[in-house]
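sequence and predicted structure, then a few things I'm wondering about:
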Amino acid sequence: MSHDDERSELSAEERDFVARLREGYKPEPLAGARATAFHARLEERFETSRSSRGWFPLGVLAAGAAALALALLTSSGNDAVTTLPGVTPPSQSIEGQTVAQADAPAAPAAPTAAARATADEDLLEYAMLDDDTDEEESGYLPDDYEALAGILDDATEDADAES
Amino acid sequence: MADSLAGAGALSDVERAQRFGVFVAEYRDKALRVAWRLLGGNDAAAEDVVQEALIRGFRALTSFRGEAALSTWFYRILVREVRRHQRWAAVRARWNSPATDEEADPAPSGTPDILLRERIAKAMEKLPRGQREVFVLVHLETFTVVQAAEALGKSPGTVKSHLHRALVALRNELADLREGASS
C-alpha cells in the first residue's frame, strides 16, 4: 500500500516536515515479553471466537443484551406492580418471558451453516459501512451509553465541520 | 503462532489456525503502527484494537468478495475498531474521574525521542478525528488518497481537504520542527 500521489504535491520543506513526524511518531516494535503477551491474548481471543462461531460480538451479544434488558424490565415491572393496583402482573410477566425467549440467542456452541453465513454477512456489512451509517454499530453499546456516545459524535462532527 | 494454535481440534480448525497465523503475520506490525498513531500513542489500546480487528478481519475473509483490495478492506475494519474504542473511551472519560481515564498518556517521559513523540501525539490529538485519520493514513502510512478514502469511508475530495487542513494545523502547532527540518 505504497504509492505517491498527494505526497508528491508537497514542497520539499513539507516533505521534510512530514518525514520528521513519521520518524518521530511511531511505536516501539512489538518484541520480547510484550510480543509474547500480545500473541497469548490474541490466541485466547481467537479460540474464544472459534468456539462461538455464531460471532458473539455482533449477534449473540446484542441478542443477549436485549434479553437481559427485557428480563430486567420484567423483573422491575413486577416489583412495581406489587404496589400499583389495577395492573395485571401475570400477563405482563408471561408476555415478557415470551418476548425474552423469542429474542434469546440460540446456543452458540452449535450454530447452523446458515447462521454462520448470516454472521459472515453481518461482518461484511459491518466492514463496508460508511460514516453515514456509523450509528448502526452503536448497537454494541447499552442504550444509555449509546445516547451519550451520540452526543459526543455530534460534537466531533461539529468540530470537524468548523475546522 | 500457527503452531501453537494448531494444538487441538479437528483438521479444519488446525488449518484455520494456520491461516490465521499467516494473516496475523501479514498485518500485525503495520496494523499496530496505524492503530497506535490513530490512538495517540497508546500501546495497550492499540494492541487491543488490533487484536479485535485481526479476529474480525480473519472471520470476514470468508465473505470477502474482492470489491476492494483485501488490505484496504482490513484497514477499514481496523479504523472502525479504532473509532469504536475512541467512542467507548470518550464515554468512560465522561463518566469516570480523570484518574481512571485509560487514554492518559502511559509513556514514560525523559528522553528526547519520547518527548518528541509526546509532543507530536498531543498535536495530533488536537486535530479533528477526520483530519487525524487521513493524515496518519496518507502522510504517515503512505496510503494513496483513494486507498485512504476507501479505508475511511470518505470521498477522495474530503480526504484531500482534511489532509490539507491537517498539514496546516500541524505545521502551526509544531513550527519548531518545521524550522528544524528545513535547517
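In hand now; what should we look at?

wait, isn't B:G130 in contact with B:K154?
Yes: in this structure B:G130 lies within contact range of B:K154 using CB atoms under 8 Å: 7.3 Å. All C-beta spots, glycine's among them, are computed from the backbone N, C-alpha and C.

more neighbours: which of the two?
Between B:G130 and B:K154, counted using other CB atoms under 10 Å in any protein chain shown, B:G130 has the larger neighbour count: 24 against 20.

so which strand or helix has the more buried one?
Here B:G130 sits within helix B:129-134, counting by DSSP states H and E.

could you dump that helix to PDB, C-alpha only?
This file holds the C-alpha atoms of helix B:129-134, laid out as PDB (Å, rounded to 0.1, in the frame of the first residue of the first chain):
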ATOM      1  CA  ARG B 129     -10.800  13.000  14.100                       C
ATOM      2  CA  GLY B 130     -11.300  13.100  10.300                       C
ATOM      3  CA  GLN B 131      -8.100  15.200   9.800                       C
ATOM      4  CA  ARG B 132      -6.100  13.000  12.100                       C
ATOM      5  CA  GLU B 133      -7.200   9.800  10.300                       C
ATOM      6  CA  VAL B 134      -6.300  11.000   6.800                       C
END
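
what packs against that helix?
The contact analysis (3 or more CB pairs under 8 Å, 6 or more residues apart in numbering or on different chains; DSSP states H and E) places helix B:129-134 against helix A:143-162, helix B:70-95, helix B:145-152, helix B:156-173.

touching that helix from outside, list them.
Under the contact criterion CB atoms under 8 Å, 6 or more residues apart in numbering or on different chains, helix B:129-134 has outside partners A:156, A:160, A:163, B:38, B:79, B:83, B:86, B:124-125, B:148, B:152, B:154, B:158-159, B:162-163, B:165-166, B:169.

pull out the buried positions in it.
B:R129, B:G130, B:Q131, B:R132, B:E133, B:V134 (16 or more other CB atoms under 10 Å in any protein chain shown).

I'd like those residues as TSV, with pLDDT and distance to B:V24 appended.
Below are those laid out as TSV (pLDDT from 0 to 100; distance: CB to CB, whole Å):
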residue	pLDDT	distance to B:V24
B:R129	94	27
B:G130	95	29
B:Q131	96	30
B:R132	97	26
B:E133	97	23
B:V134	97	26
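
list just the nearest of those residues to B:Y27.
Looking at these and their distance to B:Y27, the nearest is B:E133, at 18.1 Å (CB to CB).

ok, now how distant is that closest one from B:A35?
Distance of B:E133 to B:A35, given as CB to CB, to the nearest Å: 11 Å.

what is the burial count for A:E43?
Every residue meeting other CB under 10 Å relative to A:E43 is counted, giving 19.

hmm, the helix or strand where it lies touching chain B?
Secondary structure here is read from DSSP H and E; on that basis A:E43 sits in helix A:32-51. Yes: applying CB under 8 Å from any CB of the partner chain, one finds helix A:32-51 touching chain B at A:R34, A:F38, A:H39, A:R41, A:L42, A:E43, A:R45, A:F46, A:E47, A:S49, A:R50.

give me the pLDDT for the residue most central in space within chain B.
Averaging the C-alpha coordinates of chain B gives a centre point, and the residue nearest to it by CA atoms, centre = their mean is B:A35 (2.1 Å). The score at B:A35 is 97. That number is its pLDDT.

buried subset of the contacts of helix B:129-134, written for PyMOL?
Here is the PyMOL command that selects only those of those that count as buried (16+ other CB under 10 Å):
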select buried, (chain A and resi 156+160) or (chain B and resi 38+79+83+86+124+148+152+154+158+159+162+163+165+166+169)
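
adding mean pLDDT, write the helices and strands packed on helix B:129-134 out as a markdown table.
As requested, the helices and strands packed on helix B:129-134 are arranged in a markdown table below (pLDDT from 0 to 100):
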| stretch | mean pLDDT |
| --- | --- |
| helix A:143-162 | 56 |
| helix B:70-95 | 88 |
| helix B:145-152 | 93 |
| helix B:156-173 | 96 |
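
which stretch among those helices comes nearest B:R119?
Of all those, it is helix B:156-173 that lies closest to B:R119, at 8.8 Å by CB to CB.
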